[in-house]
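S.K.: Take this sequence and fold it.
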Amino acid sequence: MPCRARLFLQFCKRGTEEGAVPVAWDEFRLVQAIADRGALAPAAAHLGINPSTAFRRLAAVEAELGAPLFERHRSGYVPTPAGEAMAAAAARMEEEVARFDREVADRAQTPSGLLRVTAAATLVTDFLMPILGRFRARYRQVQIELVTSEEALNLSRRDADVALRATHDPPPNLVGRRLGTIAWAVYGPAREDADGETDGGDADWVSPSEAVAGGLFARFVAARAGPERIALRLNSVQGLCEAIVEGVGIGPLPCYRGDRLASLRRLSGPEPELAGSLWLLTHPDLRHAARVRAFMDHVAAEVAPLRPVLEGRQGDDPSGRVTARLEALPGTPS
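M.R.: Residues are numbered from 1 along each chain as shown. I've put the predicted structure just below:
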């Protein structure tokens, strides 16, 4: 949370028999994090503290209040009525401070200051970094904080200012632009002794697990290979490409990555059921902020000529212009 927000909500007051006792804003955040996640460990990880520290702080708050905030069960922490009230108060205060931050940020006319951008790791390493480099060269007064996350961060709470997301269903509380379609196809290693069959045959597969994209990729692979032929499952898209290059198995990859690697060969056309939309999103209160508007315009202009690559249209770049714009990406063969 920004420094001005911490100053604004440094203490929250509660009434007791002894008088007004200050309860630090961080304790409200702790209770909210535990209530949202149902357990100490993930709440502590979210706040960047140790679980033992979270345990001690929660015990201290409950002792001060003289009432339990959570019921402890084997399945996790369930808030009591007092815990629900405290978590709800934290959410309201956080939203008010976030709204204040957005209003202040919106008043700047020249692109400057800190810009928080979030994207999945695969989009960062394979797609976004050259675009960020050219944006920074053009807008020297903007400092970028890049948050790599597979989770959709909360833009309403200023976890990020702009999100680059592959999704069919962007959140209704955000505004933005659809940049194009991300095509996926099946790839295998390029070496001659690799098994190239994609439907039946004896090829082993690598697959994202059910936890990724609601099981979309896992269902796609399961329809083409029995469990005994799935050599590797990953709980993220990260690592898929490396596993295929090393010959662990064949598997789905976004075409913008698979098509540019000489160590891979495409074994299918773009698979319609795996295609996703690429969105550039921000909060409505921030869309007119100079740095946000400049970034969104810049990214949209940069992505427009890359659509053939995103959509897996091989051979649609005879001039080599699109390939040249991707040469700065890590792993691109010379």
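S.K.: ok, now which ones touch G113?
M.R.: 105, 141-143, 291 (CB atoms under 8 Å, 6 or more residues apart in numbering). Placement of C-beta: from N, CA and C, glycine included.
S.K.: I'd like those residues as CSV, with secondary structure, pLDDT and neighbour count appended.
M.R.: Output for the contacts of G113, formatted as CSV (DSSP: H, G, I helix; E, B strand; the rest coil; pLDDT from 0 to 100; neighbours: other CB atoms under 10 Å):
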residue, secondary structure, pLDDT, neighbour count
A105, helix, 62, 22
Q141, coil, 93, 10
V142, strand, 95, 19
Q143, strand, 95, 13
R291, helix, 93, 23
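S.K.: which residues of the stretch 101-250 of the chain fall in helices?
M.R.: Assigned by DSSP state H, counting those that start in this stretch, the stretch 101-250 of the chain shows helices spanning 121-123, 129-138, 216-222, 240-245.
S.K.: you'd agree A300 is in a helix?
M.R.: Yes - counting by DSSP: H, G, I helix; E, B strand; the rest coil, A300 is found in a helix.
S.K.: Tell me the pLDDT of it.
M.R.: A300 is assigned a predicted lDDT (pLDDT) of 95.
S.K.: what's around it, how many residues?
M.R.: 15 (other CB atoms under 10 Å).
S.K.: Thought R178 was touching it, still the case?
M.R.: No - here A300 does not reach R178: they are 9.9 Å apart, not a contact under CB atoms under 8 Å.
S.K.: To what extent is R165 buried, counted in neighbours?
M.R.: Neighbourhood size, R165 [other CB under 10 Å]: 20.
S.K.: Low-confidence stretches in the stretch 101-250 of the chain?
M.R.: 102-109, 150-158, 192-201 (pLDDT under 70).
S.K.: switch to 80 and redo it
M.R.: Residues of the stretch 101-250 of the chain meeting the criterion pLDDT under 80: 101-110, 125-126, 149-159, 191-201, 238.
S.K.: For stretch 169-188, C-alpha coordinates in CSV please.
M.R.: Only the C-alpha atoms of stretch 169-188 are listed here, as CSV (Å, rounded to 0.1, in the frame of the first residue of the first chain):
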residue,chain,number,x,y,z
ASP,A,169,-14.0,-13.1,-19.7
PRO,A,170,-12.3,-9.9,-18.4
PRO,A,171,-13.7,-8.6,-15.1
PRO,A,172,-16.7,-6.3,-15.5
ASN,A,173,-15.2,-3.7,-13.2
LEU,A,174,-12.2,-3.1,-15.4
VAL,A,175,-11.9,-1.3,-18.8
GLY,A,176,-9.4,-1.8,-21.6
ARG,A,177,-8.7,-3.1,-25.0
ARG,A,178,-8.8,-6.5,-26.7
LEU,A,179,-5.4,-6.8,-28.4
GLY,A,180,-5.9,-10.0,-30.4
THR,A,181,-6.2,-13.8,-30.2
ILE,A,182,-3.5,-16.0,-28.7
ALA,A,183,-3.4,-19.2,-30.7
TRP,A,184,-2.1,-22.5,-29.3
ALA,A,185,-0.9,-25.6,-31.2
VAL,A,186,0.8,-28.9,-30.5
TYR,A,187,4.6,-28.9,-30.7
GLY,A,188,7.3,-31.5,-30.5
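S.K.: Help me confirm that L267 comes into contact with A185.
M.R.: Yes - the criterion here is CB under 8 Å, and L267 meets it with A185 at 7.4 Å.
S.K.: if I pick the closest residue to D126 other than its chain neighbours, what's in contact with it?
M.R.: Excluding the flanking residues, the one nearest D126 by CB to CB, 6 or more residues apart in numbering is R257, at 4.8 Å. By CB under 8 Å, 6+ apart, the contact list for R257 reads 122, 126, 241.
S.K.: What of H46?
M.R.: H46 makes contacts with 33, 37, as judged by CB under 8 Å, 6+ apart.
S.K.: buried set for the helix or strand harbouring it?
M.R.: Taking DSSP states H and E as the definition, H46 sits inside helix 40-47. For helix 40-47, burial by neighbour count (16 or more other CB atoms under 10 Å) applies to 40, 43-44, 46-47.
S.K.: again, but for stretch 303-317
M.R.: Going by neighbour count (16+ other CB under 10 Å), the buried part of stretch 303-317 is 303, 306-312, 317.
S.K.: Output those residues in a markdown table, with secondary structure and pLDDT appended to each entry.
M.R.: A markdown table is the format used below for those (DSSP: H, G, I helix; E, B strand; the rest coil; pLDDT from 0 to 100):
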| residue | secondary structure | pLDDT |
| --- | --- | --- |
| V303 | helix | 94 |
| L306 | helix | 91 |
| R307 | helix | 92 |
| P308 | helix | 93 |
| V309 | helix | 91 |
| L310 | helix | 93 |
| E311 | coil | 93 |
| G312 | coil | 92 |
| D317 | coil | 42 |
